[in-house]
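# Need coordinates for the below:
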Amino acid sequence: GASAPPPPPPAPAPATSAPLADTARVRRWPEDLRFVTDRVTSVHPRPFAFSSRAAFDSAAAAIERRIPATDDAGLAIEIMRMLAALGDGHTMAIGTFPHLGFDTALPLWLRPCEDGLFVGAAGPPVASAAGARVVSTGGVPADSALERVLAITSGDNRYTRLDRALTLGGVAVDVHEGAG
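Residues are numbered from 1 along each chain as shown. Below is the predicted model of the structure:
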């Protein structure tokens, strides 16, 4: 059978420290969160086969408390983390919405190897990065960044999450040309 994913790391600090204005956006997020949690609990045949209902409910409550002080992208990431913690490769949220800030992607195919993370293939304008070792992304060391992405990537096991994370993780990376 499938093994449960490791427990998610602690949630990062909210994307903004000052409460966001009481806007329609802030008022809509609880509805969006309830929609997600209701769908998981009413449609999924066995949502808690690899995790507990209490952990799921706790994550949802924590997200709801952070709505006033967290931007849209941060809330979307927390929902991705909550769903990934179910340990089910068929239940996920994928952050590909430009209006949430998920609008920058590079044409990179990243692959993990024993000696690091590498660019397996790359298209224009970064074609010269093919074969390069990924050193960091957004100033975060590649191995730490990969673990962060894995924590919000749904999958039945680490290998499924790795494949999905690397497909969706083609964002700005710093690379060393040539062999690592």
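
# Run a quick neighbour tally on Ala142.
20 (other CB atoms under 10 Å). All C-beta spots, glycine's among them, are computed from the backbone N, C-alpha and C.

# again with Met82
26.

# quick one: the helix or strand hosting it to chain centroid distance?
Using DSSP states H and E, Met82 sits in helix 72-84. In this view, helix 72-84 has its centroid 7 Å away from the chain centroid, taken as CA atoms, centre = their mean, to the nearest Å.

# just checking, what packs against it?
helix 24-43, helix 53-66 (3 or more CB pairs under 8 Å, 6 or more residues apart in numbering; DSSP states H and E).

# Strands of the chain, residue ranges please.
108-113, 116-122, 133-137, 140-141, 174-176 (DSSP state E).

# Show me the shaky parts of the protein.
Scanning the chain for pLDDT under 70 picks out the ranges 1-22, 95-105, 167-180.

# Find the residue at the geometric middle of it.
Ile152 (3.2 Å; CA atoms, centre = their mean).

# Can you tell me, leaving aside adjacent residues, what's nearest to that residue?
Spatial nearest neighbour of Ile152, excluding adjacent residues (CB to CB, 6 or more residues apart in numbering): Met80 at 4.0 Å.

# give me every residue that touches the one you found.
Neighbouring residues of Met80 by CB atoms under 8 Å, 6 or more residues apart in numbering: Met92, Ala93, Ile94, Gly95, Ile152, Thr153, Ser154.

# so what's Gly120 up against?
Gly120 sits in contact with Trp109, Leu110, Arg111, Ala130, where contact means CB under 8 Å, 6+ apart.

# actually Leu86, sorry about that
Contacts of Leu86 by CB under 8 Å, 6+ apart are Val40, Pro47, Phe48, Phe50, Ser51, Phe56, Ser154.

# Look up how far Gly139 lies from the residue nearest to His90 when sequence neighbours are not counted.
Nearest residue to His90 in three dimensions, chain neighbours excluded: Ser154, at 7.8 Å (CB to CB, 6+ apart). The spacing between Ser154 and Gly139, counted by CB to CB, to the nearest Å, is 26 Å.

# cool, and Ala59?
27 Å.

# So those two - more neighbours on which side?
Ala59 (21 against 8).

# Next, the contact list for the residue lying closest to that one once chain neighbours are set aside, please.
Leaving aside its chain neighbours, Ala59 sits nearest to Met82 (4.2 Å; criterion: CB to CB, 6+ apart). Each residue near Met82 by CB under 8 Å, 6+ apart is listed here: Val36, Phe56, Ala59, Ala60, Ile63.

# try 10 Å
Neighbouring residues of Met82 by CB atoms under 10 Å, 6 or more residues apart in numbering: 8, 11, 33, 36-37, 40, 51, 55-60, 62-63, 93, 152.
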